[in-house]
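>>> quick one, structure for this:
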Amino acid sequence: MKMWGGRFEGEPSKLLRALNDSFAFDRELFAEDVQGSIAWAHAIAECGVLTPDECETIVQALKSVGQAPPPVPQDTQDYEDVHSYVESKLYELIGPLAGKLHTGRSRNDQVATDLKLWLKHAAQEAVAKIASLRATLERKAAAETETKMPGYTHSKQAEPITFALWCRAYVEMLTRDLSRFHDAIERGDECPLGSGALAGTPLPVNREKLANVLGFARPTRNSLDAVSDRDFAAEYLFAATMTLSHLSHLAEDLIFYTSDEAAYAELPDSMATGSSRMPQKKNPDVLELARGHAGRAIGELTGLLSVLKGLPLAYDKDLQLDKEPLFRIRAVLALVVPAIGELISGLRIHREKMAEAATSDQLVATSYADRLAAKGIPFREAHEIVGKAIKAGTLHELDVK
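Below is the predicted model:
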């Protein structure tokens, strides 16, 4: 069934349907659409649009609809979008009474509400997974507090550090990532339902109560903004992209640390792959894929911002294109973050190899310069003395006691 068409003659073109219909992907919002529709039924019943019996009939039918998952994408040609699918199923169960549910509501505030509910769940899921990875890194750090290793700048050995310090650097990054997700959730915790198409609903709906019922902190304040606002979507993608960028950073480090040349650590067998040609290979595919997904996430974020940047108020069909990047990135986070956690947990540290590399002259050069400076020699002069000693191979002959 269509939710529009009274003023049109004939059927839509197949090309229009192919371009316009979105149920193949926005079926992801099915549970949120049912949840929002149940809340709306109660809200309009309180306004006298539905009798108590009608409200109960609609709510029970919606609960029944919600128990059956929507059809798979190849079987969705009969439905324009998730909203028309839910309404169609409602009609099948209770007949024309289903048509009363849309009183005072637009697909514009409906989809905005569905998406914000979905984004809250997606962001909370990301928080849980990132917090778990952070805890894994903390445990690894606690186990490696005495494990010395070379620290690097510009991919060159710089000063000695511990593997615990390396782990906790990523703990700090993930802590900032968690903060970004929490901030996005707080800012997006507003309910658009009751905003109508753009100018609000004509019904005296208690929007504060409606927001509370749906688990939002508050209703939106401006109906024109509410139906077109996709800031939460952009912030979610940005927070996810930053997280994946940090994991790409971590992956790049571990690809080197587990290389044959460095051999500071070894990947667990369960999180590595082999070569179809070379029997000796143990490939860091998990880390490489994490690195690759970070690149694609940047593209998803840029794509959404490009869609949003030039839209006039209020709702425009361009906003239909906001969902697929979100769905894809949620699925990526759900795989990549736990995979990195499992890899870190199983990582075998070669402590002796790390310690050996951490004692080279290259890494103690700065401490020699500091000791000379402590004896009263200007640091720039001490820097020069140590640099020449490194070049001449006489570093250990310097009097730094």
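>>> can you give me the helices in the stretch 251-400 of the chain?
Along the stretch 251-400 of the chain, counting by DSSP state H, counting those that start in this stretch, helices occupy 285-308, 323-346, 351-357, 361-374, 379-392.
>>> of all those, which one comes closest to residue 52?
For residue 52, the closest of those is helix 323-346, at 35.4 Å, according to CB to CB. (C-beta placed from N, C-alpha, C; glycine too.)
>>> can you list the domains in this structure?
14-103, 108-145+161-201+218-356, 360-397 (automatic domain parsing).
>>> got CSV for the ones you listed, with mean neighbour count, mean pLDDT and distance to residue 209 too?
Output for the domains of the chain, formatted as CSV (neighbours: other CB atoms under 10 Å; pLDDT from 0 to 100; distance: least, CB to CB, whole Å):
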stretch, mean neighbour count, mean pLDDT, distance to residue 209
domain 14-103, 18, 93, 7
domain 108-145+161-201+218-356, 18, 97, 9
domain 360-397, 14, 90, 64
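>>> got those as CSV, with distance to residue 208 columns?
Shown next, in CSV, are the domains of the chain (distance: least, CB to CB, whole Å):
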stretch, distance to residue 208
domain 14-103, 11
domain 108-145+161-201+218-356, 6
domain 360-397, 61
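>>> quick one on the thing from earlier: so which of the helices of the stretch 251-400 of the chain gets nearest residue 78?
Here helix 323-346 is closest among the helices of the stretch 251-400 of the chain (CB to CB), at 20.0 Å.
>>> in space, what's closest to residue 377 - neighbours in sequence excluded?
In space, and not counting its chain neighbours, residue 377 is closest to residue 385: 7.4 Å by CB to CB, 6 or more residues apart in numbering.
>>> ok, now how distant is that neighbour from residue 397?
From residue 385 across to residue 397, the span is 11 Å (CB to CB, to the nearest Å).
>>> quick revisit: got the contact list for the residue nearest to residue 377?
Residues near residue 385 by CB atoms under 8 Å, 6 or more residues apart in numbering: 369, 372, 377, 398.
>>> give me the phi and psi for the third one.
What that stands for is residue 377. Per-residue torsions, residue 377: phi -80, psi 130 (degrees, to the nearest 10).
>>> gap between it and residue 361?
In terms of CB to CB, residue 377 sits 19 Å off from residue 361.
>>> and the last one, by the same measure?
Between residue 398 and residue 361 the computed distance is 11 Å (CB to CB).
>>> look up how far residue 50 lies from the nearest residue to residue 201 once chain neighbours are set aside.
With CB to CB, 6+ apart as the criterion, residue 201 has its nearest non-adjacent residue at 4.1 Å, and that residue is residue 104. For residue 104, the distance to residue 50 equals 11 Å [CB to CB].
>>> show me whatever sits in contact with both of these two.
Common contacts of residue 104 and residue 50 (CB under 8 Å, 6+ apart): residue 44.
>>> one step back: turn the contacts of residue 385 into JSON lines, including distance to residue 262.
Converted to JSON lines, the contacts of residue 385 look like this (distance: CB to CB, whole Å):
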{"residue": "369", "distance to residue 262": "26"}
{"residue": "372", "distance to residue 262": "31"}
{"residue": "377", "distance to residue 262": "35"}
{"residue": "398", "distance to residue 262": "29"}
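>>> farthest-apart pair in the residues you listed, please.
377 and 398 (10.8 Å).
>>> and the helix ranked longest in the chain, what does it pack against?
With secondary structure taken from DSSP state H, the chain has its longest helix at helix 107-143. Packing contacts for helix 107-143, counted by 3 or more CB pairs under 8 Å, 6 or more residues apart in numbering; DSSP states H and E, involve helix 30-46, helix 82-94, helix 163-187, strand 190-191, helix 223-226, helix 231-257, helix 323-346.
>>> could you dump the ones you listed into a markdown table with distance to residue 143 added?
Converted to a markdown table, those look like this (distance: least, CB to CB, whole Å):
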| stretch | distance to residue 143 |
| --- | --- |
| helix 30-46 | 41 |
| helix 82-94 | 47 |
| helix 163-187 | 8 |
| strand 190-191 | 43 |
| helix 223-226 | 49 |
| helix 231-257 | 16 |
| helix 323-346 | 10 |
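>>> didn't residue 163 look like it was pressed against residue 347?
No: with contact defined as CB atoms under 8 Å, residue 163 does not reach residue 347; the gap is 9.7 Å.
>>> hmm, who's touching stretch 375-384?
Applying CB under 8 Å, 6+ apart, the external contacts of stretch 375-384 come out as 368, 369, 370, 372, 373, 385, 400.
>>> let's have those residues in TSV, adding distance to residue 34.
Converted to TSV, the contacts of stretch 375-384 look like this (distance: CB to CB, whole Å):
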residue	distance to residue 34
368	69
369	68
370	66
372	73
373	70
385	75
400	73
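>>> in contact with the most centrally placed residue in the chain, which residues?
By CA atoms, centre = their mean, the chain has its centre lying nearest to residue 240, at 3.3 Å. Residues in contact with residue 240 (CB under 8 Å, 6+ apart) are 126, 297, 329, 330, 332, 333.
>>> go with 6 Å
329, 333 (CB atoms under 6 Å, 6 or more residues apart in numbering).
>>> distance of it from residue 127?
The span separating residue 240 from residue 127 equals 11 Å under the rule CB to CB.
>>> what's the answer for residue 115, then?
With CB to CB as the criterion, residue 115 and residue 127 are 18 Å apart.
>>> check residue 41 too.
31 Å.
>>> SS state for residue 48?
coil (DSSP: H, G, I helix; E, B strand; the rest coil).
>>> what's the answer for the one 5 residues further on, then?
Taking three-state DSSP as the rule, one finds residue 53 in the helix state.
>>> what do you get for residue 158?
Residue 158 ends up strand, using three-state DSSP.
>>> for the nearest residue to it once chain neighbours are set aside, grab the count of nearby residues.
Excluding the flanking residues, the one nearest residue 158 by CB to CB, 6+ apart is residue 151, at 5.1 Å. For residue 151, the neighbour count with other CB atoms under 10 Å is 16.
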